[in-house]
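J.: Generate coordinates for the sequence data below:
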Amino acid sequence: MAMLTSLYVVIMAMLYMGHTWYLILLKRHARTKHVDWPMRRYDRASHGRNFVAQYTPLALILLAMVEIGGAPAPIVHALGLMLVVAALLHCHAFGFPAHNRSGVAAMLLVTSMYAITMALALAQYAGVDELPGTSLMALLGQVR
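T.: A predicted model of the protein is given here:
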């Protein structure tokens, strides 16, 4: 039923698992070499993984709701890509912290994705049959 969303579920799971393996390697390197820098990097990098763990489930549920509600495929892909890019930006922000604003961009992307999917889901629930390229107020004006 939600075939496009399953693509983004797999992508986000792969990102989470890749990040987890990176953290395991950092921890192993710190133990075998008896140096401190991998653990400092581990502490920062674990925040990127936490972002994926915290924001992904609700975002994917909202994405599935919008897709099941009949949103066009380009909209579902755009929203899914917003989530993937936000996760990558957030991981980048904690990997390279000096003067890096990608964490702010990641939060803006994920918050925008939440807002758009919630507005679309509410419009679908309210009975809007087609989603025109207009504002939310125009969508709400079409409610039966």
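J.: Least confident secondary structure element in this structure?
T.: Least confident helix or strand, the chain: helix 136-141 with a mean of 55, by mean pLDDT, DSSP states H and E.
J.: And V10, how far from V66?
T.: Relative to V66, V10 is positioned 18 Å away (CB to CB, to the nearest Å). Backbone N, C-alpha and C define where each C-beta goes, glycine included.
J.: Buried residues in stretch 117-129, which are they?
T.: For stretch 117-129, the neighbour count (16 or more other CB atoms under 10 Å) marks T117, A119, L120, A121, A123, Q124, V128 as buried.
J.: Distance from that stretch to the middle of the chain?
T.: Computed by CA atoms, centre = their mean, to the nearest Å, the separation of stretch 117-129 from the middle of its chain amounts to 21 Å.
J.: before we move on, what about stretch 52-60?
T.: On CA atoms, centre = their mean, the centre of stretch 52-60 falls 6 Å from the chain's centre.
J.: Contacts for that stretch next, please.
T.: 5, 8-9, 12, 15-16, 19, 83, 86-87, 90-91, 110, 113-114, 117 (CB atoms under 8 Å, 6 or more residues apart in numbering).
J.: what do you get if the cut-off is 6 Å, keeping everything else the same?
T.: With CB atoms under 6 Å, 6 or more residues apart in numbering as the test, stretch 52-60 has contacts from V9, M12, Y16, L83, A87, V110.
J.: ok, now stretch 82-102?
T.: 11, 15, 44-45, 47-48, 51-52, 59, 103, 105-106, 109-110, 113.
J.: Quick check, central residue of the chain?
T.: Central residue of the chain (CA atoms, centre = their mean): L83, 2.8 Å from the mean position.
J.: which element is that residue on?
T.: helix 73-95 (DSSP states H and E).
J.: and the angle for the helix or strand following that helix with helix 73-95?
T.: Later in the chain than helix 73-95, the nearest helix or strand by DSSP H and E is helix 102-126. Put simply, helix 102-126 runs at 150 degrees to helix 73-95, going by axes from the mean of the first three to the mean of the last three CA atoms, to 10 degrees.
J.: from the chain's centre, how far out does helix 102-126 sit?
T.: Using CA atoms, centre = their mean, the offset of helix 102-126 from its chain centre is 10 Å.
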